[in-house]
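A.B. asks: Sharing a sequence plus its predicted fold:
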Amino acid sequence: MRATSSTLIIPVENQVREFDAKLLLSCLAAERGFPVLLGSRAYVHYIAGSVPHGVYLAKSMRAPSQTMFGLLRAVGHDIVAWEEEALVHPPQDTYFTLRLSPRTIDKVSHVFAWGQDNFDLLKNYQHLPEGLPLHVTGNPRGDMLRPELRAYFDVEVAKLHAQYGRFVLINTNFSDVNPFIPDIGLFAPGKGSASRRGQAGIGMSEAFASGLHDHKQMLLREFQAMISRLAQTRPDLTIVIRPHPSEKFDSYLALAKGCDRVHVDATGNIIPWLLAASAMVHNGCTTGVEAYALRRPALAYLPGLNPHYDFDFQGLPNRLSHQCRSFEELVDALQSVLEGSVGAAGGAERETLVSHYLAARDGALACDRILDVLVENGYRKVLPSPPPRIRAATGRVLMILRAWRKQSQYQRAGSGRQSYHDHRFPELDVAEVGARIAALGRTLGRFGNVDVHSHSKHVFSIACR
């Protein structure tokens, strides 16, 4: 077999959350000689059986990915992975059944951990394949929070200031109980009055899922009431509600209706929003970690405090923020932030905590550490070992059938699948991706020889010319 670089296949599920970080990884990989395919996860899966053997970068190792992982391996791709939700995770036993599957992780060749906490958690998994390499590299999303990448967002920050002036950002995290489509919540409607477990609840015990559902329902009501009261009691404030990418917006749009100082806007990466906002309010959201890393004021709103969910589950972002357990405490904390007497949460205890969870906060970028692992394991020089011909041919046929079935489901009237995809991965053209590469290049002083082309719908080819 002629020595050649493996294609790096990078799927993106939530564009506003993942795309910029994975584009940075793609550009750095291209500079090292890797051809890259970057695009919508669903659409990457459609074409994965017809592209050169390569390395597929998975965002999780859950049970629902078992079939796709098997097909990827059948057609000749190796799989490396990280855990997208590792920064904010439930207690160990629930994490293992919710986020890991023995029949999925056994198809993975390397795992990249966000930090020591993620590494230790994986090491305790009783079904961890013997000899599976775990690497503490950090994550590309962490790279985007570093000071040297800050200028990448300058244009977006200026646009937000021009559009909203001085504003408070309310970041919601209630897709478990307010999902964009019913099937992705903790519980999905069943026939009659019965309910069945939704996508978010697969792997949770009944007790944990029911308790979390009740807690999130309470928080959703409390956040809606808080936004309404804040708009009434602080007429000087502009409030921007940014729903989670997997939430439906209806209830938030209803809150904004009739009040020209309340807006609902979920466009773009969260980072320029955090940089532009005077303060950010959340409960248990990863944005609390991101705000801490950016040194921006974040307030964790904790009405009806439940330590099991607010700290054992979502403790990292809540602990890294100023904690407010009532509306009155929140208003007082906001006032202190707005008048400049209180800034971002800090202290040695918080710094020790975040360093345990998030590696590569300085020194080599997480992207480079990940690519070092791929280069050291030979992917820069050779393709993964080819599967037997019959197995590969069968895998390609099954991938074609799967793609046809999935596309039929997306197009079926009333399913909401295509609109949900388009909600999470809005249309991008080559010019827009090229502009983002140019902006990364200006920020880091590189990528002048990196080109992007359209490979197929929602999928881009990135390589050095």
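C.D. replies: Ah, there it is.

A.B. asks: and the next element down the chain from the helix or strand hosting Thr104?
C.D. replies: Taking DSSP states H and E as the definition, one finds Thr104 inside helix 102-105. Next along the chain after helix 102-105, taking DSSP H and E as the criterion, comes strand 110-113.

A.B. asks: ok, how many other residues are close to Ala254?
C.D. replies: Per other Cβ atoms under 10 Å, the neighbour tally for Ala254 reads 11. The C-beta positions use only the backbone N, C-alpha and C, and glycine is treated the same way.

A.B. asks: do the same with the one 5 residues further on
C.D. replies: Around Cys259 sit 14 other residues, with neighbours defined as other Cβ under 10 Å.

A.B. asks: need the contact list for the nearest residue to it once chain neighbours are set aside.
C.D. replies: Spatially, and ignoring its direct neighbours in sequence, Cys259 is nearest to Ala231 (5.4 Å; Cβ to Cβ, 6 or more residues apart in numbering). Contacts for Ala231 (Cβ atoms under 8 Å, 6 or more residues apart in numbering) come out as Leu237, Ile239, Leu255, Cys259, Arg261, Val262.

A.B. asks: Next: His110.
C.D. replies: His110 neighbours (Cβ under 8 Å, 6+ apart): Val80, Ala81, Leu132, Pro133, His135, Val373, Asn377.

A.B. asks: Among these, which ones are in strands?
C.D. replies: The strands, defined by DSSP state E, take in Val80, Ala81, His135 from the contacts of His110.

A.B. asks: which of these lies closest to Thr97?
C.D. replies: Ala81 (17.6 Å; Cβ to Cβ).

A.B. asks: The closest one contacts Met61, doesn't it?
C.D. replies: Yes - proximity of Ala81 to Met61 meets the contact threshold set by Cβ atoms under 8 Å, at 5.5 Å.

A.B. asks: Now do the shared contacts for the two.
C.D. replies: In contact with both Ala81 and Met61: Ile105, Val108, Val111, using Cβ under 8 Å, 6+ apart.

A.B. asks: Number of residues surrounding the nearest residue to the last one once chain neighbours are set aside?
C.D. replies: This means Val111. Of all residues not flanking Val111 in the chain, Leu134 sits nearest, at 5.0 Å (Cβ to Cβ, 6+ apart). By other Cβ under 10 Å, the residues close to Leu134 number 15.

A.B. asks: surely Leu134 meets Phe119?
C.D. replies: Yes - counting by Cβ under 8 Å, Leu134 does reach Phe119; the two are 5.6 Å apart.

A.B. asks: Filter the shared contacts of Ala81 and Met61 down to the buried ones, PyMOL style.
C.D. replies: Burial among these is assessed by 16 or more other Cβ atoms under 10 Å; the matching PyMOL selection reads:
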select buried, resi 105+108+111
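
A.B. asks: what comes into contact with stretch 252-268?
C.D. replies: Residues outside stretch 252-268 that contact it (Cβ under 8 Å, 6+ apart): 16, 156, 164, 172, 224, 227-228, 231, 235, 237-243, 245, 249.

A.B. asks: Now do the SS call for the nearest residue to Leu398 once chain neighbours are set aside.
C.D. replies: Using Cβ to Cβ, 6+ apart and skipping the chain neighbours, the partner closest in space to Leu398 is Leu71 (5.8 Å). Classification of Leu71 using DSSP: H, G, I helix; E, B strand; the rest coil returns helix.

A.B. asks: How about the one 5 residues further on?
C.D. replies: Per three-state DSSP, the local secondary structure of Gly76 is coil.

A.B. asks: For it, grab the count of nearby residues.
C.D. replies: There are 20 residues near Gly76, going by other Cβ under 10 Å.

A.B. asks: shouldn't it be in contact with His53?
C.D. replies: Yes - if you go by Cβ under 8 Å, Gly76 and His53 touch, sitting 4.0 Å apart.

A.B. asks: Overlap of the contact sets of the two?
C.D. replies: Joint contacts of Gly76 and His53 (Cβ under 8 Å, 6+ apart) are Leu383, Pro384, Pro386.

A.B. asks: Now rank these by neighbours and give me the top one.
C.D. replies: When neighbours are counted by other Cβ under 10 Å, Leu383 leads the shared contacts of Gly76 and His53 with 21 neighbours.

A.B. asks: quick one: that residue from Phe34, how far?
C.D. replies: 12 Å (Cβ to Cβ, to the nearest Å).
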